[in-house]
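**Student:** All I have is the shape, not the residue letters:
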């Protein structure tokens, strides 16, 4: 009798919360419990080492703090002007979020059509690659004269995520199990039934991978849109003003805020992806 066929311990002495025990030829074996996520101490140590090195270099390697201010000065700058930074963070985050939503919605729609109608796939990919390859600096002025308010930076944020999500959507939808697709067809289902019942579930892991990669891209697109002007608030506007006034500590503070915003977007989507696709393993949430 193999271990997989061995009876489980169902004696009255077994506690309700105990782990299931299987009795086999080699003795009792305990079924593995849920895996716990380990704290990445190596990463924490690396970040701490970088901060300490940055502090030492900023304090002693240069004659002036204008070259590389130490992180302690950057933190003082952030805390001293936090109310002002909050306004800029809100403006940039709002534009990045709207651009992320619009760009991903467009990419998902095009991806679904490209899979349902395969002759559209090559054309969709060519157009997406061509549009994404255009310099943002060239597209920015066009958006500036055609859109009002925050429209230009939302458009640039949306443009920054389209190609990534389009590729993830098409790859995910086309990775469905052929046997499951044939079963739906055998039961009288059409392409849309295959999409709803098989392809959408198969596409979730690659789709969430594309979403988390596109989050930092949306933040970058929104900040570049703010560089072009016509807006009064945003991290891009604050960064341009700090550069003009040679406020190095403020430039570094804004750079850290932009990095943190992009990282939080990435981490939030990775968290949601792990919860919605537990069968995908660690790849979706890594």
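**Tutor:** Cool, the structure landed. Keep in mind it's a predicted model, so treat the numbers as computed, not measured.
**Student:** From here on, just use CA atoms for contacts and neighbour counts.
**Tutor:** Fine.
**Student:** residue contacts, residue 166?
**Tutor:** Shown in contact with residue 166 (Cα atoms under 8 Å, 6 or more residues apart in numbering): 104, 107, 108, 110, 111.
**Student:** so for the helix or strand where it lies, what's the average pLDDT?
**Tutor:** Under the assignment given by DSSP states H and E, the secondary-structure element containing residue 166 is helix 151-173. The predicted model gives helix 151-173 an average pLDDT of 91.
**Student:** Among the contacts of residue 166, which one lies nearest to residue 87?
**Tutor:** Distance to residue 87 across the contacts of residue 166 (Cα to Cα) is lowest for residue 104, with 25.8 Å.
**Student:** Buried residues, the helix holding residue 166. List them.
**Tutor:** Of all the residues in helix 151-173, those buried under the rule 16 or more other Cα atoms under 10 Å are 151-173.
**Student:** What residues of stretch 126-141 count as buried?
**Tutor:** Judged by neighbour count (16+ other Cα under 10 Å), stretch 126-141 contains these buried residues: 128, 131, 132, 136, 139, 140.
**Student:** do you know how far the fifth one is from residue 228?
**Tutor:** When Cα to Cα, to the nearest Å is applied, the distance between residue 139 and residue 228 equals 11 Å.
**Student:** Which residues does stretch 54-63 contact?
**Tutor:** Contacts of stretch 54-63 from elsewhere in the structure, counted by Cα under 8 Å, 6+ apart, are 65, 68, 69, 70, 71, 72.
**Student:** and the closest residue to the last one other than its chain neighbours, what pLDDT?
**Tutor:** The spatial neighbour of residue 72 that comes closest, neighbours along the chain excluded (Cα to Cα, 6 or more residues apart in numbering), is residue 55 at 7.2 Å. Here, the pLDDT recorded for residue 55 equals 79.
**Student:** Residue 55 - that's part of a helix, no?
**Tutor:** Yes - with DSSP: H, G, I helix; E, B strand; the rest coil as the criterion, residue 55 is part of a helix.
**Student:** count of neighbours near it?
**Tutor:** By other Cα atoms under 10 Å, 18 other residues sit near residue 55.
**Student:** Check residue 251 too.
**Tutor:** 21.
**Student:** Wait, it touches residue 241, no?
**Tutor:** No - contact criterion Cα atoms under 8 Å: residue 251 and residue 241 do not qualify, at 9.0 Å.
**Student:** Now for the residue most central in space within the chain: which residues touch it?
**Tutor:** Central residue check for the chain by Cα atoms, centre = their mean: the C-alpha nearest the mean position is that of residue 212, 1.7 Å away. Contacts here follow Cα under 8 Å, 6+ apart; on that basis residue 212 touches 265, 266, 267, 269, 270.
**Student:** ok, 6 Å please
**Tutor:** Residues near residue 212 by Cα atoms under 6 Å, 6 or more residues apart in numbering: 266, 269.
**Student:** tell me the pLDDT at it?
**Tutor:** For residue 212, the model assigns a pLDDT of 93.
**Student:** Begin at 230, not 1, for the rest of this chat.
**Tutor:** Happy to do that; since the first residue is 230 now, the last one works out to residue 441.
**Student:** in the one helix or strand it maps to, what's buried?
**Tutor:** Here residue 441 sits within helix 429-456, counting by DSSP H and E. Within helix 429-456, the residues scored as buried using 16+ other Cα under 10 Å are 429, 431-456.
**Student:** Look through the protein and tell me its longest helix.
**Tutor:** Counting by DSSP state H, the longest helix found in the chain is helix 311-345.
**Student:** Mind checking what helix or strand follows it in sequence?
**Tutor:** Note on helix 311-345: by DSSP H and E, the next helix or strand toward the C-terminus is helix 350-362.
**Student:** pLDDT (mean, whole number) over that next one?
**Tutor:** For helix 350-362, the mean confidence score works out to 85.
**Student:** distance of residue 290 from residue 296?
**Tutor:** Distance from residue 290 to residue 296, by Cα to Cα: 10 Å.
**Student:** Please apply the same query to residue 423.
**Tutor:** Taking Cα to Cα as the measure, residue 423 and residue 296 are separated by 59 Å.
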